[in-house]
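Visitor: Here is a sequence together with a model predicted from it:
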Amino acid sequence: DKYPVWSPDDRYIAFRSMATPGYEADKERLMRYDCRTAEITDLTPSFDYHATNVAWADDRTLWFIAPMEGTYQLCRLALPAPDATCGTVDLPTVVTSGDHDINAFTMAGEKIAAELCTISMATEFFDVNPADGTLTQISAINKPVYDHIKMGEVQKRWVTTTDGKQMLTWVILPPDFDPAKKYPTLLYCQGGPQSVVSQFWSYRWNFQLMAAQGYIVVAPNRRGLPSFGQEWLDQISGDYSGQNIRDYLAAIDDVAKEPWADETRMGCVGASYGGYSVYFLAGCHEKRFKAFIAHCEQAVALNIFCYVIKNFILGKISALDQQLGVKFEFKHIVPFCRNNPAAQNLNVISFISQFGTFGASSMFLRFGTECAASPQCLFFRYRPYISANQVRFSNCVPHFEHVTRILPLPRGTRRRVRHEGHLKKR
C-alpha cells in the first residue's frame, strides 16, 4: 500500500496497492479507504492496467495515469454517491489517446495541465480538455533545438509472436531514410525486467539519437512488460529466459523481412536485465546478430548473488523461486554463516532451472574468497553460455562458464567464445 491521497471532504483516502507480497510487478490497484466505516474498496478490479499518479477532482471523481499499449494515458473514474446503498464502481474512462506518454498532471478547477513526451520530443506542457481529452501544446522549450534537428520516423508495428499473440514493437528509422537502401539494425532489449517500452524520451537510451547514427532501431514490448494486461506482464516470472527471448527474436525476424533491413549487419543492445537478455541471445541467436552490446549486465548476477546469500542465511528463498522459476536443491550444505570448517568445501547450492524450449541447464553458487584454486566460488551457468568475462565483486567472483566446463582466462589473453566453448588467442 502506498501513495495515499485524501479526498476533498476528508472522508476517503485513495491509494495504490499490490496484492502479492514480495512481487514488485504486481498490478497496482486503485483502492479507497472509508475513514468512517474502515471499509477498503478495490476501485479497479476489472481494469487490467496499473493506476498511477492518483488525484481527486472532487469527492466522487478520481483521475490517474495508466500505462496502456506502450503509452501512458490519462483516465477518469466516477465513484458512487458516498452514502449510496447500491451501485458499483464503473470502469475508468480513458480520456486521452494517441502515441505519447503523459508522465504527470496537475488539476485546478476545470483545467488540467499535463507533462507529455514522445520518442521524438522531450517533455513539454500540454493543456488537456477534461471532456474529450483533446491535447493542446502550451510550451515549446526546445523548439530552437528541434528547428535544427531532423528526427526519424517512428513506426508502430504489431508483430505475431511464436505463440500466436500480437506484440507492439516500435521501429525508429534514421533521418533521411531511403527505402531503397539497406541499414544496419539494432534490437533494443528492455531492462527491469518489468518496465514498459513506451513513448519515453530518454537522455540515456535515446532511440532518435541511436537512429541518427544510421541504424534501424527495433524496440519490442516483449513478454513481461506492463501496459498489455497483467497476464502479459506476469508471464516472465519463472521464465526469465523463455518466451520473452522468443519475443525478441520474433521482433527482429519481422523487421529483417523488410528490404531496407540489412540482415548481415544486425546487433542487439540492452542494460541490466536487457544486458542479461543480450548475453542470452548471444547463446541462442542462430547467427542472426553480428554484435552484442551489454551495459551493467553483471548487476543482475550480483543482485541474485546478494539476494541468495541474504535469504539463504535467513532461510527465506521463496520470492526468488517465484521470480526466476528455480527449484532449490541442497546438496551437502553447511550453513554459510556457521563457524564450521566443513563449510569450506561443502556449502554448495544448485539451481535447477528450465529455460523454455531453448533447453535446460543448471546454475551453481559456491561461496568463498578465491577463484582459481578454491571450490567455493560463485558460478552461474546457462545455455549455452552467457559470457566469458570474469568480473570481480569484492571477495567473490561471478564466473560465467560454458555448460560443460569452466573457461579460464590467462592474463594477457584476449578471447573469442564459440558456441562449443573453445577459446582462441588473437
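Guide: Cool, the structure landed. Being a predicted model, the structure only gives us computed values, none of them experimental.
Visitor: how near is residue 261 to residue 254?
Guide: Between residue 261 and residue 254 the computed distance is 10 Å (C-beta to C-beta, to the nearest Å). Every C-beta, even on glycine, is put in place using the N, C-alpha and C of the backbone.
Visitor: I meant residue 281, not that one.
Guide: With the distance defined as C-beta to C-beta, residue 281 ends up 16 Å from residue 254.
Visitor: With neighbour numbers in mind, choose between these two.
Guide: Applying other C-beta atoms under 10 Å to residue 281 and residue 254 shows that residue 281 carries more neighbours, namely 24 against 20.
Visitor: isn't that one right up against residue 292?
Guide: Yes: proximity of residue 281 to residue 292 meets the contact threshold set by C-beta atoms under 8 Å, at 7.1 Å.
Visitor: what residues are shared contacts of the two?
Guide: Taking C-beta atoms under 8 Å, 6 or more residues apart in numbering as the contact rule, residue 281 and residue 292 both touch residue 268.
Visitor: any chance you could map the helices in the protein?
Guide: Taking DSSP state H, the helices of the chain run over residues 143-146, 207-211, 230-234, 243-256, 273-284, 298-314, 318-324, 343-346.
Visitor: weakest of those by average pLDDT?
Guide: Set side by side, the helices of the chain give their lowest mean pLDDT on helix 343-346, at a mean of 32.
Visitor: show me what contacts the closest residue to residue 263 other than its chain neighbours?
Guide: In space, residue 263 comes closest to residue 256 once its chain neighbours are excluded; the distance is 5.1 Å by C-beta to C-beta, 6 or more residues apart in numbering. Applying C-beta under 8 Å, 6+ apart, one finds that residue 256 lies in contact with 185, 263, 266, 288.
Visitor: is it true that the first one touches residue 264?
Guide: What it means is residue 185. No: between residue 185 and residue 264 there is no contact under C-beta under 8 Å: 10.1 Å.
Visitor: CA atoms only for the top strand by length along the chain, dumped as PDB, please.
Guide: For the chain, the strand with the greatest residue count under DSSP state E is strand 261-271. Output of strand 261-271 as PDB, limited to C-alpha atoms (Å, rounded to 0.1, in the frame of the first residue of the first chain):
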ATOM      1  CA  ALA A 261      16.900  -4.000 -43.100                       C
ATOM      2  CA  ASP A 262      20.400  -5.400 -43.600                       C
ATOM      3  CA  GLU A 263      20.400  -9.000 -42.300                       C
ATOM      4  CA  THR A 264      24.200  -9.100 -42.500                       C
ATOM      5  CA  ARG A 265      24.500  -6.200 -40.000                       C
ATOM      6  CA  MET A 266      22.300  -6.800 -37.000                       C
ATOM      7  CA  GLY A 267      23.000  -6.400 -33.400                       C
ATOM      8  CA  CYS A 268      21.300  -6.300 -30.000                       C
ATOM      9  CA  VAL A 269      21.700  -3.900 -27.100                       C
ATOM     10  CA  GLY A 270      20.500  -3.600 -23.600                       C
ATOM     11  CA  ALA A 271      21.200  -2.800 -19.900                       C
END
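Visitor: What does the pLDDT read for residue 91?
Guide: At residue 91, the predicted lDDT confidence score is 88.
Visitor: Quick check: residue 212 touching residue 174?
Guide: Yes: using C-beta under 8 Å as the test, residue 212 is close enough to residue 174 to be in contact (6.6 Å).
Visitor: more crowded one of the two?
Guide: Summary of the neighbour comparison: residue 212 and residue 174, criterion other C-beta under 10 Å, with residue 174 having more neighbours (22 against 17).
Visitor: ok, now how distant is that one from residue 216?
Guide: 7 Å.
Visitor: list residues touching both of these two?
Guide: residue 183.
Visitor: how about low-confidence regions in this structure?
Guide: Counting by pLDDT under 70, the chain has low-confidence residues at 81-88, 297-426.
Visitor: mind running it again at 50?
Guide: Counting by pLDDT under 50, the chain contains low-confidence residues at 309, 313, 317-320, 322-426.
Visitor: How about residue 227: what's its closest non-neighbour residue?
Guide: Once its chain neighbours are removed from consideration, residue 227 has its nearest residue in residue 67; the separation is 3.7 Å (C-beta to C-beta, 6+ apart).
Visitor: give me the number of residues near that neighbour?
Guide: Considering only other C-beta under 10 Å, residue 67 is surrounded by 22 other residues.
Visitor: likewise residue 289?
Guide: Other residues lying near residue 289 total 18 when counted by other C-beta under 10 Å.
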